[in-house]
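[1] quick one: sequence and predicted model below, then my questions.
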Amino acid sequence: MLTDGQKELSLFQQYLQDALPAVISFALSVVGAVLVYLIGARIIKLLRRLLKRMLQRHNVDEGVQQFLDAIAKFAGYFVLVLMILGFFGITTASVVAVLGSAGLTLGLALQGSLSNFAGGVLILMLKPFLVGDYIIEETGKNEGYVHEISIFYTTLRTFDGTLIVIPNGTLANNSITNLTKSGRRRLSVTVDVAYGADLAQAKQILMLIAERSCFRMDAEAPVVVVSELAESSVKLCVRVWTTPGQYWDELFQLNEQIKLEFDKAGIEIAFPQLDVHVR
């Protein structure tokens with residue numbers, strides 16, 4: 001007669017013998033899935049590199065290159081996941097059946113993503129902006145250089161290195177200001193001078209500063225005008241055309257030179273003042 005302990009040990013051994021083939025089969029499936037993933041990821045990376053070289057050879061726009069690369073990456077990993085699922089007994093037909101039965105639910109869940117995908121296609125077709133352009137998204141007032149146009153999102157890089165990710169649907173359905181498209185940008189700097197200052201001298205100094213600026217476009221002559229006779233100052237406006245990439249350099253240089261030259265000439269830059277009379 002077997003004791004209770006011997007019976008439990010025998011049952012445990014029988015359980016191990018019955019489960020061992022399943023455990024070995026699952027372990028082999030895991031190893032095979034890992035190997036397929038590693039090899040497949042390398043193949044996907046190689047195919048993406050070949051696709052990029054082919055697009056560059058045909059001088060395809062960089063935004064289109066990024067978009068097609070994102071689609072290739074998504075499609076490649078989708079196929080790779082289907083192959084890995086096959087190691088665990090999940091066939092492609094089963095996945096398609098599940099997707100088909102959940103089509104309405106998935107459609108509602110992915111409505112925003114599909115809208116962003118369609119927005120990306122419209123952006124690449126109509127080309128309201130390209131990679132490298134400086135744009136302002138009017139809805140959220142986000143602005144920066146276009147860094148990447150992906151399947152669902154467009155990435156902007158600001159001057160301080162921050163990345164702003166905006167859905168393509170938002171960019172396709174709202175107003176966008178493209179400051180690079182025309183190839184030039186007009187800079188206007190307004191200076192308040194006192195009413196007692198020599199107006200002709202002030203205008204002459206501003207014109208000299210604008211003309212000798214190294215960032216302005218030579219084909220466009222600068223302009224200096226009296227823009228307003230305000231309550232406590234005369235507003236002078238100097239307008240200079242420059243390239244979009246040199247806009248900020250031109251602005252900073254003009255501000256600095258105006259202050260230095262006005263100080264040399266003794267021209268007072270007006271600022272708010274308050275006179276207090278004590279009785």
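    Yes, it's here. Numbers count the residues shown, from 1 in each chain.
[2] hey, where'd the strands end up in the stretch 1-150 of the chain?
    134-137, 142-149 (DSSP state E, counting those that start in this stretch).
[3] from the chain's centroid, how far away is whichever helix or strand comes after the last one?
    In this case it means strand 142-149. Following strand 142-149 in sequence order, the next helix or strand is strand 153-157 (DSSP states H and E). Centre-to-centre, strand 153-157 and its host chain are 1 Å apart (C-alpha atoms, centre = their mean, to the nearest Å).
[4] poorly predicted segments of the stretch 101-250 of the chain, please.
    Under the criterion pLDDT under 70, the flagged ranges of the stretch 101-250 of the chain are 101-111.
[5] do you have the helices of it handy? List them.
    Under the criterion DSSP state H, counting those that start in this stretch, the stretch 101-250 of the chain contains helices at 103-109, 111-126, 168-173, 199-211, 247-265.
[6] flag every buried residue along the third one.
    By neighbour count with 16 or more other C-beta atoms under 10 Å, helix 168-173 contains the buried residues N168, G169, T170, L171, A172. C-beta coordinates here come from the backbone N, C-alpha and C atoms, glycine included.
[7] and the first one, how close does it get to A72?
    To A72, N168 is 18 Å away according to C-beta to C-beta, to the nearest Å.
[8] which residue is nearest the middle of the chain?
    Nearest residue to the geometric centre of the chain (C-alpha atoms, centre = their mean): T155, 1.3 Å.
[9] list the contacts of it.
    By C-beta atoms under 8 Å, 6 or more residues apart in numbering, the contact set of T155 is V146, H147, E148, L163, I164, V165, I166.
[10] same thing but at 7 Å, please
    Applying C-beta atoms under 7 Å, 6 or more residues apart in numbering, we find T155 in contact with H147, E148, L163, V165.
[11] the last one against S150, yeah?
    No: here V165 does not reach S150: they are 8.9 Å apart, not a contact under C-beta atoms under 7 Å.
[12] please identify which of the two sits among more neighbours.
    Taking neighbours as other C-beta atoms under 10 Å, V165 and S150 compare with S150 leading, 21 against 13.
[13] right, and the more buried one touches D69 too?
    No: using C-beta under 7 Å as the test, S150 is too far from D69 to be in contact (8.8 Å).
[14] chain neighbours aside, what residue packs nearest to V30?
    Spatial nearest neighbour of V30, chain neighbours left out: F87 (7.9 Å); criterion: C-beta to C-beta, 6 or more residues apart in numbering.
[15] residues contacting that neighbour?
    S29, G32, A33 are the contacts of F87 under C-beta under 7 Å, 6+ apart.
[16] again, 10 Å this time
    Contact analysis of F87 by C-beta atoms under 10 Å, 6 or more residues apart in numbering lists F26, L28, S29, V30, V31, G32, A33, V34, L35, V36.
[17] mind checking which of the contacts of T155 are buried?
    H147, E148.
[18] could the contacts of T155 go into TSV alongside distance to L199?
    Shown next, in TSV, are those (distance: C-beta to C-beta, whole Å):
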residue	distance to L199
H147	46
E148	50
L163	47
V165	49
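[19] which of the contacts of T155 lies closest to S227?
    Closest approach to S227 among the contacts of T155 (C-beta to C-beta): H147, at 36.4 Å.
[20] burial check on G63, number of neighbours?
    Residues lying near G63 (other C-beta under 10 Å) number 22.
[21] quick check: it vs A118, distance?
    Distance from G63 to A118, by C-beta to C-beta: 16 Å.
[22] got it, and I267?
    Distance of I267 to A118, computed by C-beta to C-beta: 57 Å.
[23] of the two, who's got more company?
    Using other C-beta under 10 Å as the criterion, I267 and A118 rank with I267 on top: 20 against 13.
[24] that one and A202 touch, don't they?
    Yes: under the criterion of C-beta atoms under 10 Å, I267 makes contact with A202 at 5.3 Å.
[25] common neighbours of these two, please.
    Residues touching both I267 and A202 (C-beta under 10 Å, 6+ apart) are V191, V193, A194, I258, E261.
[26] turn these into JSON lines, including neighbour count and distance to E220.
    Listed next are those as JSON lines, based on neighbours: other C-beta atoms under 10 Å; distance: C-beta to C-beta, whole Å:
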{"residue": "V191", "neighbour count": "23", "distance to E220": "20"}
{"residue": "V193", "neighbour count": "22", "distance to E220": "25"}
{"residue": "A194", "neighbour count": "14", "distance to E220": "30"}
{"residue": "I258", "neighbour count": "21", "distance to E220": "19"}
{"residue": "E261", "neighbour count": "15", "distance to E220": "22"}
